[in-house]
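Colleague: would you be able to build a 3D model of this:
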Amino acid sequence: MECKQQTATAVAAVRQSALACLLFSIVMILLNVDGTLAGTEAEIISTQDEIITYINHTAKLSCIVQNKNRHHITWSRVTFINETQKITNLLFVDLLKYTPSSQYHLTHMIERDNREYWNLEIRNVHLSDQGYYSCVLTAIKPISKIFHVKVLENTRNPLLALRSASDAYTNNLQRRSKDESFSSLSLLSSSILAIFLMNILLIII
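Modeller: Take a look at the predicted model:
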């Protein structure tokens with residue numbers, strides 16, 4: 001009887017130890033995933049807030065993440081209804097695309113200092129693409145970065161603008177040349193008139 005009690009006590013102790021080890025392992029995994037060990041906390045370090053682009057150009061939104069570890073990155077388009085409500089359209093989770101639109105592309109680059117670039121490209125931009133986009137680092141406490149894309153109309157063709165500037169410069173040179181020619185002719189006429197008057201004076205004298 002006493003032997004059975006000792007065996008049961010030993011089994012209970014083993015179970016408690018196993019449970020404690022399991023809980024400790026879970027806590028360590030969570031800490032590691034959250035990036036709180038050794039000062040490697042995950043964060044978004046992008047400083048870019050507004051991107052200004054033109055119709056039919058490409059807008060590039062750069063989400064720079066430090067110490068991503070095992071977290072995921074999501075890109076979404078955000079439409080704010082009011083201060084408390086918004087509509088979120090998911091575009092990417094990591095490199096997996098969730099939108100059928102061919103405008104959106106994602107590029108990923110990793111640097112040696114554990115810094116990653118998750119760049120969203122919006123190609124052939126239209127006025128309807130103007131608005132807010134968010135990059136979210138999915139941690140225990142999610143970190144988000146909001147970008148605003150402003151789209152401007154191409155009111156003038158760059159080639160036409162360049163040609164116009166060139167024409168204006170040429171016209172200015174021609175105008176200056178005419179003014180200088182007119183000044184030279186005026187000076188010449190004044191000189192001839194002075195000589196003519198001097199000759200008349202000499203004849204009279």
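Colleague: give me the neighbour count for I51.
Modeller: By the criterion of other CB atoms under 10 Å, I51 has 18 neighbours. Glycine gets a C-beta too; all of them are placed from N, C-alpha and C.
Colleague: next up, the contacts around it.
Modeller: A59, K60, L61, F147, H148, V149, K150 (CB atoms under 8 Å, 6 or more residues apart in numbering).
Colleague: which one of these sits closest to E43?
Modeller: Distance to E43, by CB to CB, is smallest for F147 among these, at 16.5 Å.
Colleague: that closest one bridge partners, please.
Modeller: Under DSSP bridges, the beta-bridge partners of F147 are Y133.
Colleague: does it touch Q48 like I think?
Modeller: Yes: the criterion here is CB atoms under 8 Å, and F147 meets it with Q48 at 6.7 Å.
Colleague: outline the domain layout of this structure.
Modeller: Domains of the chain are assigned by automatic domain parsing as 2-34, 43-152, 156-205.
Colleague: quick check: the closest residue to I44 other than its chain neighbours vs Q103, distance?
Modeller: Nearest residue to I44, sequence neighbours excluded (CB to CB, 6 or more residues apart in numbering): K145, at 4.7 Å. For K145, the distance to Q103 equals 20 Å [CB to CB, to the nearest Å].
Colleague: next structured bit after the helix or strand bottoming out on mean pLDDT in the chain?
Modeller: Every helix and strand of the chain was ranked by mean pLDDT, DSSP states H and E. The lowest is helix 2-34, at a mean of 50. Scanning forward in sequence from helix 2-34 by DSSP states H and E, the next helix or strand is strand 43-44.
Colleague: quick one: name whatever helix or strand follows that following strand.
Modeller: strand 50-54.
Colleague: kindly export that next one (C-alpha atoms) in CSV.
Modeller: Extracted C-alpha coordinates of strand 50-54, given in CSV (Å, rounded to 0.1, in the frame of the first residue of the first chain):
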residue,chain,number,x,y,z
GLU,A,50,3.3,61.0,-47.9
ILE,A,51,4.1,59.8,-51.4
ILE,A,52,3.4,62.3,-54.2
THR,A,53,3.1,60.8,-57.7
TYR,A,54,1.6,61.5,-61.1
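Colleague: give the pairing partners of that strand; include direction for each.
Modeller: Here, using DSSP bridges, strand 50-54 pairs with strand 143-152 (parallel).
Colleague: buried ones in the partner strand, by neighbour count?
Modeller: Buried residues in strand 143-152, counted by 16 or more other CB atoms under 10 Å: K145, F147, V149, V151.
Colleague: of the residues you listed, closest to R70?
Modeller: R70 has its nearest neighbour among the buried residues of strand 143-152 in K145, at 19.3 Å by CB to CB.
Colleague: what's near enough to touch that closest one?
Modeller: I44, S46, C63, S134, C135, V136.
Colleague: just the pLDDT for it.
Modeller: pLDDT recorded at K145 is 97.
Colleague: in the protein, where is pLDDT below threshold?
Modeller: 1-39, 155-205 (pLDDT under 70).
Colleague: go again with 50.
Modeller: Within the chain, the segments meeting pLDDT under 50 span 11, 14, 21-38, 160-162, 164-165, 182-183, 185.
Colleague: ok, C135 to N124 distance?
Modeller: Using CB to CB, C135 is found at 21 Å from N124.
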